[in-house]
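Student: Predicted model and sequence below, questions to follow.
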Amino acid sequence: MRYAVTGAAGFIGSHLAEALVAAGHDVVGLDSFSDSYDPQLKEENARALDVLRLDLAEDPIDLSGFDGVFHLAGQPGVRSFGDVFPHYLRNNVLASQRVFEAAVESGVRVVFASSSSIYGAAERFPTPEGTEPQPISPYAITKLSAEHLARAYERSFGLDVVVLRYFNAFGPRQRPDMAFTRMVFALAEGRPFDLYGDGSQTRGWTYVADVVSATVLAMESGQGTYNVGGGVEASMRESIAILERIAGLRLEVREGPPAPGDQRRTRADTTRIHEQLGWAPRVSLEDGLSAQWEWASARVAAR
């Protein structure tokens, strides 16, 4: 099969592209190489794959000849209030609309990566797909808007699309601004870690290899919308304790105020994706953190 992967030099996109190539598929990576992600890390992610530089919100998009497109590109991060909001509109809403338009023109199937942040202040945990979205950040609002665009193109133009809501993906090569990445590098470098809030907020952490396997299954036979979430919910404090045990080191933690737009809790109800696609998370939080620690500590040691 021949696939396009947008955001192929990013965190999940690079892992997905590698997995597809390893499975024998023909893969074309697309990425804008924006500065929202560590440029050096993006270049490293792209080395194993020939990634084309393409701005989805502006450049022509030709998806003819592809069997499917994995649309993972986007402007990340819930800290999306204020002057940065136009970037989220451009890179999450406009760019997605243009990808869906191109997919319709070429008759190409789409897997669109949305986010658990669209649930926002959810009132039910684990949270099923039918829960009313209550986004509490501009980022989440743009991801939900892109979901609505996907369904509009599906109803009006027959777009073949599957929507995945990722829950707190982590692992090697994760974005530098994410909690676990900041945590492992702070520990490896012997410096303090800045914690937003008191650490009691919890997440349904999902290892990147599990995210990738769900994404591939969705392309093969998915229909509708699926949560993709880890089987274990843990607080930031619990996660720090696990990492300290793995590394055999103590992490100095500096508490700060909670970040605006940050959810208090996330946990996925994955009944639908398990029953329809046979997917379930396989990597534990401890094993995933161990892999992320090994990656980060090796990078620090190599400097």
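Tutor: That came through fine. Computed from a prediction, not measured in an experiment: that's the story for all the values here.
Student: Would you agree residue 203 falls within a strand?
Tutor: Yes. Residue 203 sits within a strand when classified using DSSP: H, G, I helix; E, B strand; the rest coil.
Student: Pretty sure it sits against residue 262.
Tutor: No. Applying C-beta atoms under 8 Å, one finds residue 203 not in contact with residue 262, separated by 10.3 Å. To be clear about C-beta, it is placed using only N, CA and C from the backbone, and glycine gets the same treatment.
Student: which residues of the chain score low on pLDDT?
Tutor: Filtered on pLDDT under 70, the chain yields the residue ranges 36-38, 48.
Student: for the stretch 51-200 of the chain, what spans make up the helices?
Tutor: Along the stretch 51-200 of the chain, the stretches classed as helices by DSSP state H, counting those that start in this stretch are 85-88, 95-106, 138-157, 179-189.
Student: where's residue 268 relative to residue 11, distance?
Tutor: 19 Å (C-beta to C-beta, to the nearest Å).
Student: Strands of the chain, residue ranges please.
Tutor: Ranges of strands in the chain, per DSSP state E, are 2-6, 26-31, 51-53, 68-71, 109-115, 161-166, 169-170, 193-196, 202-204, 206-207, 224-228, 233-235, 253-256.
Student: could you list every residue that touches the closest residue to residue 260 other than its chain neighbours?
Tutor: Nearest residue to residue 260, sequence neighbours excluded (C-beta to C-beta, 6 or more residues apart in numbering): residue 81, at 5.9 Å. Residues in contact with residue 81 (C-beta atoms under 8 Å, 6 or more residues apart in numbering) are 137, 138, 260, 261.
Student: Any chance of a ChimeraX selection covering the buried ones in those residues?
Tutor: For the buried members of those, the matching ChimeraX selection, counting by 16 or more other C-beta atoms under 10 Å, is:
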select :137,138,261
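Student: which of the contacts of residue 81 lies closest to residue 115?
Tutor: Within those, the smallest distance to residue 115 is 9.8 Å, found for residue 137 (C-beta to C-beta).
Student: so the closest one sits right up against residue 78, yeah?
Tutor: Yes. In this structure residue 137 lies within contact range of residue 78 using C-beta under 8 Å: 4.1 Å.
Student: Need the overlap of contacts for those two.
Tutor: Common neighbours of residue 137 and residue 78, using C-beta under 8 Å, 6+ apart, are 117, 261, 262.
Student: Switch those residues over to CSV; also include distance to residue 29.
Tutor: Compiled in CSV, those are given as follows (distance: C-beta to C-beta, whole Å):
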residue, distance to residue 29
117, 25
261, 30
262, 30
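Student: ok, back up a step: now tabulate the strands of the chain in a markdown table and tack on distance to residue 62.
Tutor: Output for those, formatted as a markdown table (distance: least, C-beta to C-beta, whole Å):
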| stretch | distance to residue 62 |
| --- | --- |
| strand 2-6 | 10 |
| strand 26-31 | 11 |
| strand 51-53 | 11 |
| strand 68-71 | 11 |
| strand 109-115 | 15 |
| strand 161-166 | 18 |
| strand 169-170 | 29 |
| strand 193-196 | 41 |
| strand 202-204 | 37 |
| strand 206-207 | 32 |
| strand 224-228 | 27 |
| strand 233-235 | 42 |
| strand 253-256 | 46 |
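Student: Make TSV out of the ones you listed and add distance to residue 244 and mean neighbour count.
Tutor: As requested, those are exported to TSV (distance: least, C-beta to C-beta, whole Å; neighbours: other C-beta atoms under 10 Å):
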stretch	distance to residue 244	mean neighbour count
strand 2-6	35	24
strand 26-31	35	23
strand 51-53	36	16
strand 68-71	35	26
strand 109-115	29	25
strand 161-166	27	24
strand 169-170	16	27
strand 193-196	11	17
strand 202-204	18	23
strand 206-207	19	26
strand 224-228	28	23
strand 233-235	14	18
strand 253-256	10	11
